[in-house]
Structures are given as structure tokens and as C-alpha cells.
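> Provide a 3D model corresponding to the input given below.
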Amino acid sequence: MKRFPWFEVILILVIASISLYGAFADGQNFSSRWFTRDDAYYYFKVAQNISEGHGSTFDGINKTNGYHPLWMLICIPIFALARFDLILPLRILFLLMGGLSIATAILLYRLIGRVFIPAIGALAAL
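So this is what the prediction gives:
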């Protein structure tokens with residue numbers, strides 16, 4: 001009989017609650033508390049411009065590159081919603097990043113826990 005994966009459930013609950021707390025926080029706190037690096041906003045503005053049909057540009061005039069194409073492909077449909085609300089794409093992206101963090105943590109826990117002992121897998125997941 002298999003044991004219930006308590007660590008994974010706790011991991012999911014902790015990361016999901018942090019993501020939900022951040023996603024539903026006040027929109028004015030995003031720039032000072034959650035998205036503190038300016039690189040994120042470069043991605044966001046380029047994704048918004050691509051979704052509005054202006055092409056790969058930050059300022060609407062000059063072409064830009066140097067971003068990760070897969071992450072940009074994820075951001076473009078989300079930032080198409082910026083036409084309706086500028087904060088909504090940030091909230092959705094915050095939840096998406098939380099889901100990716102959950103998947104990564106569980107994957108690390110399972111892979112490293114199999115190779116070594118589950119305690120080392122838990123440490124890697126944390």
C-alpha cells in the first residue's frame with residue numbers, strides 16, 4: 001500500500017497560498033513587493049506590444065530582441081488582456097508562476113528523493 005504524499009500536499013498548499021496572496025494583493029504593491037526587478041517589466045511591455053500588433057518592440061518605435069522566446073510566448077496571450085485592465089495580466093501571471101513553482105518543486109522532490117533519500121529531495125524542493 002502506498003503512503004499518502006503529505007510533503008507534496010503541504011508543498012502545494014504553501015506555494016498556492018503564497019501565490020494566491022500575491023495575486024490578490026493590492027495592485028500598487030506589485031512593483032514594490034512582488035515584481036521588483038525591471039527585467040520583468042521589459043518582458044511585460046514587449047508582450048503587450050506584440051499582443052496589440054506593434055511587433056517585437058518595447059517603445060513602439062525600435063525593434064527589440066534578447067528575450068527568452070518560450071517565456072514570451074507564454075506572456076503574449078496573457079498580456080492581450082492588458083487592453084481591459086493593466087493589473088489583470090500580472091495577477092494571472094503570478095498564478096501561472098505559482099503553478100510552475102509547484103510543478104518544479106514536486107519534480108525535484110520526486111527525482112532527487114529517488115536517487116538519494118526523501119529528506120534530501122525535500123530539501124531540494126524547498
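> Flag every buried residue along the helix or strand encompassing R91.
If you go by DSSP states H and E, R91 is part of helix 88-115. Using 16 or more other C-beta atoms under 10 Å as the test for burial, helix 88-115 gives 89-91, 93-94, 97-98, 102, 105-106, 108-109, 112-113. C-beta: built from backbone N, CA, C; applies to glycine.
> Helices of this structure, residue ranges please.
Using DSSP state H, the helices of the chain run over residues 6-23, 38-51, 69-79, 88-115, 118-125.
> Next, the buried residues of the shortest one.
Yep, that's helix 118-125 we're talking about. Of the residues in helix 118-125, 121-122, 125 count as buried by neighbour count, 16+ other C-beta under 10 Å.
> on that earlier part again, what's the closest of the helices of the chain to N62?
Smallest distance to N62 across the helices of the chain (C-beta to C-beta): 11.0 Å, for helix 38-51.
> ok and that closest one relative to helix 69-79, angle-wise?
70 degrees (axes from the mean of the first three to the mean of the last three C-alpha atoms, to 10 degrees).
> ok, now which ones touch the residue nearest the centre of the chain?
Nearest to the geometric centre of the chain sits M97, at 2.0 Å (C-alpha atoms, centre = their mean). M97 sits next to S19 when contact means C-beta atoms under 8 Å, 6 or more residues apart in numbering.
> can you check E8 too?
106, 109.
> hmm, back to that, quick check, nearest of the buried residues of helix 88-115 to G66?
The closest of these, once distances to G66 are taken by C-beta to C-beta, is L93, at 19.7 Å.
> from memory that closest one sits against W71, does it?
No: contact criterion C-beta atoms under 8 Å: L93 and W71 do not qualify, at 10.2 Å.
> follow-up on the earlier one: look up how far Y43 lies from the residue nearest to the centre of the chain.
Remark: distance between M97 and Y43 (C-beta to C-beta, to the nearest Å) = 12 Å.
> for P5, same thing?
From P5 to Y43 the distance is 34 Å (C-beta to C-beta).
> neighbour-wise, which of the two wins?
Y43 (18 against 13; other C-beta atoms under 10 Å).
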